[in-house]
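Student: Provided below are the primary sequence and the corresponding predicted coordinates.
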Amino acid sequence: MRVKVASSYLSRRRKLLEPYLYLLPGICLLIVFMIYPIAKGVFTSFCHYKLNDPNTYFSGLHNYRVVLSEPEFRLVLSNSLWWVLGSITFQFTLGLILAVLLNRPFWGRGLYQAVVLAPWAVPGFLIGLIWKWLFNGQYGVINDLLLRLRLIEKPISFLAMPSTALQSVIVANIWYGIPFFAIMILAALQSIPTEIYDAADVDGAGPITKFFRITLPYIRPTILVTILLRVIWILNYADIIYVMTKGGPLNSSDTLASYIIHKAYTVLDFGQASALGVIFMLILLAYTVTYLTLTKFSRAGEL
Amino acid sequence: MKRHVTVVFSLALIVATTLFVSLTVTAKPKTTIEFMETLTSPARTVFVKELITEFEKENPDIHVELLSVPWEQAHDKILTLMAAGNLPDVLEMAANWVAEMSATGKVEDLGPYLEKWEYKDTLSESGLALGRTYKNTQYVIPQSLYFQCMYYRPDWLKEKDLPVPTTIDEFYNAVNKVTNPSKNRYGYAFRGGMGTWTHVLNFIMAAGGWTNYFDDQGRAVFRDPKAVAAFKRFMDMYFNNAPADALNWGYAETVNAFTTGTAGFIIQDSEVIGTCEEAMSPGTFAVAPHPVAADGKRYLVSGYIGLSMMSDSKNKDAAWKFISFLLRPDINTRWGKATTTIPITKAAWQDPFFSQGHIAAYTQTLQDPRTVFFMHPDYLPEWGEFFSRITVKEIQSYLLGRQDAKATMDAISDYLESALAKYKSKK
């Protein structure tokens, strides 16, 4: 009798523990690849840690004070904002139009689709190089076109002027990101049952009504998720900037992400770079929470 | 199942015994040292591998493992390895790294080794002195010297009936004359981005006849009105003789501008000869010594690539054997030929390779009594940041019209002076 009680107790405990045992490998991976690096980064941000200085010591909030008081920080912050807003607005709008167009059958659609979606498959570094040449101030195709159209008299050094450098990298990024929205939205469009459109036809709805009353509500969850993801990706994304301008001239095309790379690997100040990283993380966190609350994300799946 | 285990086990046993036997039979185990090459190019790496094979033939008990790190990443890579405590035994050290790397205490003093070396008198004393600027200790032995000469387009000069410039005034004049933006021809391959400082510096130092960044009181010479004027005159080339894109140009872009016929002049190190020979047809480029200043002298900043031993090395004798092998007159001369750089071995300078052809301009510069060499204060721990960030930022601000020449020179001087004061207070 006694034995039986003990064994049932044991099996109950085992039952309670069981799910956690299954989760253990995953948790271990999370600790090694996420929690530890983040904790280490946060810790470094409170340290004087310069690669070319052998003395590393705890320095409190010093890094944060320095980083926040630098005039570059405000510039980089507003650059990041424009970088995200400019990129996402055009990427989304153009991607949506592209998806809607690609959703109707027409001759050669498969081929056309493959060509239009190609930029997404090209590595960021290559895109940076291509656009760097397009924007070249002497031989660039864009300057050549503008000259031939007689829109300008003298070639413009797009990447060397603080007033145009950021816009130029944004243009490159828009080109790169359109296919992502197109693919995601296209997939969502194709999942809309056609009967609903047929029903709408019977009711006499026009194409605009159909788009706003049927199409848009159906793809709303996809749009919300893709925009959320893309904003975070674009903020984190520095390849194109790094290749095209290295953030220059005078940080005029630096975003937070490329500025952190610069701090860590040119200035070699890992303490300040980490402090910037923590600030960056907090901004992203605030953004995500706000976005999810504003869009009432938990209900996004309901129609 | 059980049989499998037995088979595997006995196999392992056999392998282990044979390994053990063969190890004990073949006399001494090999010593392995790691050598990190930092100024890499495919051709250079092939050459370095060749030398390693020769070295291993001469020293059968030493095996050299070659690590090739591209130049752009080398500096940061070494510092990262340093932080991780995982350094190679021998590495190629650049002049502007010595101070910051030696300050960590991980670099071995090569003075005592050099003292005992049979070939020590074959090396140029002024070359060796360049490797002792940090704490007067031989942390590095320069292997090849770098300084700048002037590359020009003889065909462009001929069109305008201009002589090859020998003075700074003639140089600016020629740069102005050959500029013709409508034909996409610019006078000078202006470098406004990373590394911009090395180019204007020679002209500034020449204006005041300085050989040091600082005067006796620790004040930077760049505040001097002569320095400001020289800076302004050099920077005028950006506004008058270079495309606007040059604001962001670095090494590759400027060399490219010269080889593709966008720019008529470039002032650069000797390894550019190879690039020009590859990309340009004969007769479209030539090399001459750097133009001289009003006082008849030319002021050139000198750098070098050298060899350093890491003090964590477990095989210091083998490491020194390898370093001294590379510095031997015959090997060092070959090194210079293969990389078109000026070797530190004195005998090499008489070699026809270095006294003829394009590189002769460099040998001439070296032997010309009017040449004055000076060094960057790269012993300052802030040097890396100064060179790669501060100077670029200040000079670009000037080129964009955000501050005047005096403010630019003052900002650069402020930074240098405070770095020097910090360095002195620590010492």
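Tutor: Looks like it arrived, so ask away. Numbering: from 1, shown residues only, chains lettered A, B, ... in the order given.
Student: What is the burial count for B:Ala174?
Tutor: By the measure other C-beta atoms under 10 Å in any protein chain shown, the count of residues near B:Ala174 is 25. For every residue, glycine as well, the C-beta is placed using N, CA and C.
Student: can you pull the buried residues of the helix or strand containing it?
Tutor: Element membership for B:Ala174 (DSSP states H and E) is helix B:168-178. Across helix B:168-178, burial judged by 16 or more other C-beta atoms under 10 Å in any protein chain shown covers B:Ile168, B:Phe171, B:Tyr172, B:Ala174, B:Val175, B:Lys177, B:Val178.
Student: contacting residues around the second one?
Tutor: In other words, B:Phe171. B:Met150, B:Pro165, B:Phe265, B:Pro291 (C-beta atoms under 8 Å, 6 or more residues apart in numbering or on different chains).
Student: For residue 295, which non-adjacent residue is closest in space?
Tutor: As the question left the chain open, I've gone with chain A. A:Leu224 (5.3 Å; C-beta to C-beta, 6 or more residues apart in numbering or on different chains).
Student: The chain in question should be chain B.
Tutor: Distances taken as C-beta to C-beta, 6+ apart place B:Gly209 nearest to B:Asp295, at 5.6 Å, with adjacent residues excluded.
Student: tell me the contacts of the one you found?
Tutor: Counting by C-beta under 8 Å, 6+ apart, B:Gly209 touches B:Ala293, B:Asp295, B:Lys297, B:Tyr299.
Student: Distance of it relative to A:Leu250?
Tutor: Distance of B:Gly209 to A:Leu250, given as C-beta to C-beta, to the nearest Å: 33 Å.
Student: sec struct for B:Thr104, please.
Tutor: Secondary structure for B:Thr104, judged by DSSP: H, G, I helix; E, B strand; the rest coil, is coil.
Student: Just to check, it is in contact with B:Ala83?
Tutor: No: using C-beta atoms under 8 Å as the test, B:Thr104 is too far from B:Ala83 to be in contact (9.1 Å).
Student: And the contacts of stretch A:209-223?
Tutor: Here stretch A:209-223 has contacts from A:92, A:100, A:184-185, A:187-189, A:191-192, A:196-197, A:200, A:205, A:300-301, A:303, using C-beta under 8 Å, 6+ apart.
Student: Run the chain-centre distance for that stretch.
Tutor: 23 Å (C-alpha atoms, centre = their mean, to the nearest Å).
Student: Measure how buried B:Ala84 is and give me the count.
Tutor: For B:Ala84, using other C-beta under 10 Å, the count is 8.
Student: ok now the lengthiest helix in chain A, how far from the chain's centre?
Tutor: The longest helix of chain A (DSSP state H) is helix A:71-103. Averaging C-alpha positions (C-alpha atoms, centre = their mean) puts helix A:71-103 10 Å from its chain's average.
Student: wait, does it contact chain B?
Tutor: No: if you take C-beta under 8 Å from any C-beta of the partner chain as the test, helix A:71-103 misses chain B, and the best it gets is 9.1 Å.
Student: Give the rounded mean pLDDT of that helix.
Tutor: What helix A:71-103 shows for mean pLDDT is 92.
Student: Give the other helices and strands that it contacts.
Tutor: helix A:109-117, helix A:162-190, helix A:216-236, helix A:256-265 (3 or more C-beta pairs under 8 Å, 6 or more residues apart in numbering or on different chains; DSSP states H and E).
Student: So for the second one, what gets flagged as buried?
Tutor: Applying a neighbour-count criterion of 16+ other C-beta under 10 Å, one finds A:162, A:164-166, A:168-186, A:188-189 buried in helix A:162-190.
Student: Which ones among those residues also lie next to chain B?
Tutor: With C-beta under 8 Å from any C-beta as the criterion, those include A:Pro162 near chain B.
Student: State the pLDDT value of the residue nearest the centre of chain A.
Tutor: In chain A, the C-alpha nearest the mean C-alpha coordinate belongs to A:Trp233, at 1.6 Å (C-alpha atoms, centre = their mean). A:Trp233 carries a pLDDT value of 91.
Student: Distance of it relative to A:Leu276?
Tutor: In terms of C-beta to C-beta, A:Trp233 sits 18 Å off from A:Leu276.
Student: if I pick whichever residue of the stretch 1-150 of chain A sits closest to chain B, what's in contact with it?
Tutor: Closest contact between the stretch 1-150 of chain A and chain B, by C-beta to the nearest C-beta, is at A:Gly137 (3.7 Å). Each residue near A:Gly137 by C-beta under 8 Å, 6+ apart is listed here: A:Asn143, A:Pro155, A:Ile156, A:Ser157, A:Phe158, A:Leu159, A:Ala160, B:Pro243, B:Ala244, B:Asp245.
Student: now do 6 Å
Tutor: Going by C-beta atoms under 6 Å, 6 or more residues apart in numbering or on different chains, A:Gly137 touches A:Pro155, A:Ser157, B:Pro243, B:Ala244, B:Asp245.
Student: For the third one, what are phi and psi?
Tutor: In this case it means B:Pro243. Torsion angles at B:Pro243 (phi, psi; degrees, to the nearest 10) stand at phi -70, psi 160.
Student: what residues does the stretch 201-350 of chain B put near chain A?
Tutor: Contacts of the stretch 201-350 of chain B with chain A, taken as C-beta under 6 Å from any C-beta of the partner chain, map to B:Pro243, B:Ala244, B:Asp245, B:Leu247, B:Asn248.
Student: about what we covered before: which single one of the contacts of stretch A:209-223 is nearest to chain B?
Tutor: Checking these against chain B by C-beta to the nearest C-beta gives A:Phe92 as the nearest, at 30.6 Å.
Student: what's the spacing between A:Arg220 and chain B?
Tutor: 43 Å (C-beta to the nearest C-beta, to the nearest Å).
Student: ok, how many other residues are close to that residue?
Tutor: Using other C-beta under 10 Å, A:Arg220 is surrounded by 16 other residues.
Student: do A:Asp239 as well
Tutor: A:Asp239, neighbours per other C-beta under 10 Å, totals 17.
Student: What sits closest to it if chain neighbours are left out?
Tutor: Computed as C-beta to C-beta, 6+ apart, the closest residue to A:Asp239 that is not its neighbour in sequence is A:Gly124, at 3.2 Å.
Student: repeat for A:Ala205
Tutor: A:Arg213 (6.9 Å).
Student: Near chain B, which residues of the stretch 151-300 of chain A are found?
Tutor: Counting by C-beta under 6 Å from any C-beta, the residues of the stretch 151-300 of chain A near chain B are A:Ser157, A:Ala160, A:Gly248, A:Pro249, A:Leu250, A:Tyr265, A:Thr266, A:Val267.
Student: picking that back up, separation between the residue nearest to A:Thr295 and chain B?
Tutor: As for A:Leu224, its distance to chain B is 39 Å (criterion: C-beta to the nearest C-beta).
Student: From A:Tyr64, how far off is that residue?
Tutor: Using C-beta to C-beta, A:Leu224 is found at 33 Å from A:Tyr64.
Student: And B:Met205, by the same measure?
Tutor: For B:Met205, the distance to A:Tyr64 - C-beta to C-beta - is 40 Å.
Student: more crowded one of those two?
Tutor: With neighbours defined as other C-beta under 10 Å, B:Met205 and A:Tyr64 compare such that B:Met205 has more, 24 against 18.
Student: Tell me the secondary structure of B:Pro266, please.
Tutor: For residue B:266 the amino acid is Ile, not Pro. strand.
Student: pretty sure it is touching B:Phe190, no?
Tutor: No: look at B:Ile266 against B:Phe190 with C-beta atoms under 6 Å: they stay out of range, at 9.3 Å.
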